[in-house]
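Chemist: what follows is a predicted protein model with its sequence.
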Amino acid sequence: MADIAREAGVSRNAVSLALRNDPQIAHATRERIQAIADRLGYQRNPAVGTLMSQMRRRSSQGSLGTLALINANHDRNAVLDHPTIPDYFNGCRTRALSLGYSVDSFWLHEPGMSGNRWKDILQARGIRGILLIGMMKQNRIPECLYPSLEQIPCVVTGVRTRRPAMSFASVDHYILSLRAFEKAIDLGYRRPGLVLDQEINDLVEHRFSAGYASGQLLLPPQDRIPPLFDVHASRVDPGIFRRWFETHRPDVIFTLYNVVRTWIQDLGLRVPQDIGLIQLEWRGNRPEWAGMKQHNDLCGSVAVDMLLRMIHNGECGIPPFPIATLIGPTWVDGSTVTYPG
């Protein structure tokens, strides 16, 4: 831009205005500056142009735009009451606000919402991008959102979706399970077991059980215990868990469910003296558990960054090549395991 200004004998600001066809610059001068820019091979960066436009709009309006935070969970209040979904929600909201965007919240399963109705509402609200949170039962986006996805960029948090496959941010479930297994081995455990509901394992396309299976390769075959996937049935009949436990005799259990501790105690066993417990989604409301912290708030924050990149690049529609950002988990010490020495 400096070269154009030098040859045209004007300021860089005048060049910037002329390249945007700003009427503050006389028509003849605009054409002369644009011709010089073409001859010098100048190409305007659309992402920078969009960002500068947004910054000017924020200066006059107080916001760069509005993002839709859509709760896809079947529970309307999951963003308040669920053990983990509020972390995604707050991570998204905090990051968006910190970058100058406002947030409108919606519930995906609002009665009477057709695809056209969703599209009309999001357009009327001036929504620039969609953040989808709370998918816990399936990894398929309801068809009522398809018309909106064709026009507005979208990022999913927490899971990888199919039909359609969208860009997403989530914890690396495979690495989480594998690192938990490796930590258990480091702590001296030799017969880890996994208690996980089949529905959750299916939701993440078996990445929990895949990491567990990889960890089992560190053990001799006789110490490789099959997972227990019948969690729902065990809540009704704890005898299912008891029979699995008595058959395989694990010395530590990986799980997502606090009720497993109750089942262990009902067998007359002590935690951690008789058996260890490792939470695969460590939560602050149960700080005594040892386990893996998934950083779901960071996942929400990263999803916002991904979405803003798409907005700045003018991307929308179903992506031909979805982009994934995986968050690394971290270990949190707790009193549900024993430590060497």
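Modeler: Arrived safely, thanks for sending. Numbering: from 1, shown residues only.

Chemist: where are the low-confidence patches of the chain?
Modeler: Along the chain, segments meeting pLDDT under 70 span 21-24, 43-62.

Chemist: count the residues that sit near residue 341.
Modeler: Other residues within reach of residue 341, judged by other CB atoms under 10 Å, total 4. For the C-beta atoms, the positions are set from N, CA and C on the backbone; glycine is no exception.

Chemist: kindly state the domain boundaries assigned to this protein.
Modeler: With domains defined by automatic domain parsing, the chain comprises 2-44, 65-172+297-326, 173-294.

Chemist: any chance of these in JSON lines, plus distance to residue 335 and mean neighbour count?
Modeler: Converted to JSON lines, those look like this (distance: least, CB to CB, whole Å; neighbours: other CB atoms under 10 Å):
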{"stretch": "domain 2-44", "distance to residue 335": "60", "mean neighbour count": "14"}
{"stretch": "domain 65-172+297-326", "distance to residue 335": "20", "mean neighbour count": "19"}
{"stretch": "domain 173-294", "distance to residue 335": "5", "mean neighbour count": "18"}
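
Chemist: so residue 267 sits against residue 242, correct?
Modeler: Yes. In this structure, residue 267 is within contact of residue 242 by CB atoms under 8 Å, at 6.4 Å.

Chemist: rewinding a little: quick one: which of the domains of the chain is nearest residue 334?
Modeler: Among these, the nearest to residue 334 by CB to CB is domain 173-294 (3.3 Å).

Chemist: tell me how far the ends of that closest one are from each other?
Modeler: Start and end residues of domain 173-294 are separated by 9 Å (CA to CA, to the nearest Å).

Chemist: and that domain, how far out from the chain middle?
Modeler: 24 Å (CA atoms, centre = their mean, to the nearest Å).

Chemist: and for stretch 296-315?
Modeler: 10 Å.

Chemist: just stretch 66-73 next, same as before
Modeler: Mean C-alpha position of stretch 66-73 versus that of the full chain (CA atoms, centre = their mean) differs by 12 Å.

Chemist: and what of stretch 165-178?
Modeler: With CA atoms, centre = their mean as the basis, stretch 165-178 stands 8 Å off its chain's centre.

Chemist: need the helices for the stretch 201-341 of the chain, in chain order.
Modeler: 207-216, 231-236, 239-248, 259-266, 296-312 (DSSP state H, counting those that start in this stretch).

Chemist: among those, which comes closest to residue 83?
Modeler: Nearest of the helices of the stretch 201-341 of the chain (CB to CB): helix 296-312, 10.0 Å.

Chemist: which elements pack onto that closest one?
Modeler: Helices and strands touching helix 296-312, as assessed by 3 or more CB pairs under 8 Å, 6 or more residues apart in numbering; DSSP states H and E, comprise helix 46-61, strand 65-71, helix 85-98, strand 127-133, strand 154-157, strand 168-171, strand 324-327.

Chemist: how about TSV for the ones you listed, with distance to residue 316 added?
Modeler: Compiled in TSV, the helices and strands packed on helix 296-312 are given as follows (distance: least, CB to CB, whole Å):
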stretch	distance to residue 316
helix 46-61	13
strand 65-71	13
helix 85-98	18
strand 127-133	9
strand 154-157	8
strand 168-171	16
strand 324-327	19
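
Chemist: so which of the ones you listed is nearest residue 236?
Modeler: Of all the helices and strands packed on helix 296-312, helix 85-98 comes closest under CB to CB, at 25.0 Å.

Chemist: how about TSV for the helices of the stretch 201-341 of the chain, with distance to residue 198 added?
Modeler: TSV is the format used below for the helices of the stretch 201-341 of the chain (distance: least, CB to CB, whole Å):
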stretch	distance to residue 198
helix 207-216	9
helix 231-236	8
helix 239-248	13
helix 259-266	15
helix 296-312	22
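
Chemist: out of the domains of the chain, the one nearest residue 337 is which?
Modeler: Proximity to residue 337 (CB to CB) singles out domain 173-294 among these, at 4.1 Å.

Chemist: can you pull the contacts of the nearest residue to residue 91 once chain neighbours are set aside?
Modeler: Once flanking residues are discounted, residue 91 sits nearest to residue 300: 2.6 Å by CB to CB, 6 or more residues apart in numbering. By CB atoms under 8 Å, 6 or more residues apart in numbering, the contact set of residue 300 is 87-95, 131, 133, 157, 169.

Chemist: how far away is residue 300 from residue 254?
Modeler: For residue 300, the distance to residue 254 (CB to CB, to the nearest Å) stands at 25 Å.

Chemist: now do residue 187
Modeler: Relative to residue 254, and taking CB to CB, residue 187 is found at 12 Å.

Chemist: and what of residue 135?
Modeler: 22 Å.

Chemist: got it, and residue 81?
Modeler: Per CB to CB, residue 81 is found 25 Å from residue 254.

Chemist: what's the closest non-adjacent residue to residue 109?
Modeler: Closest to residue 109 by CB to CB, 6+ apart is residue 74, at 5.9 Å.

Chemist: got the domains of the chain as JSON lines, with distance to residue 340 columns?
Modeler: Putting the domains of the chain into JSON lines (distance: least, CB to CB, whole Å) gives the following:
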{"stretch": "domain 2-44", "distance to residue 340": "61"}
{"stretch": "domain 65-172+297-326", "distance to residue 340": "27"}
{"stretch": "domain 173-294", "distance to residue 340": "6"}
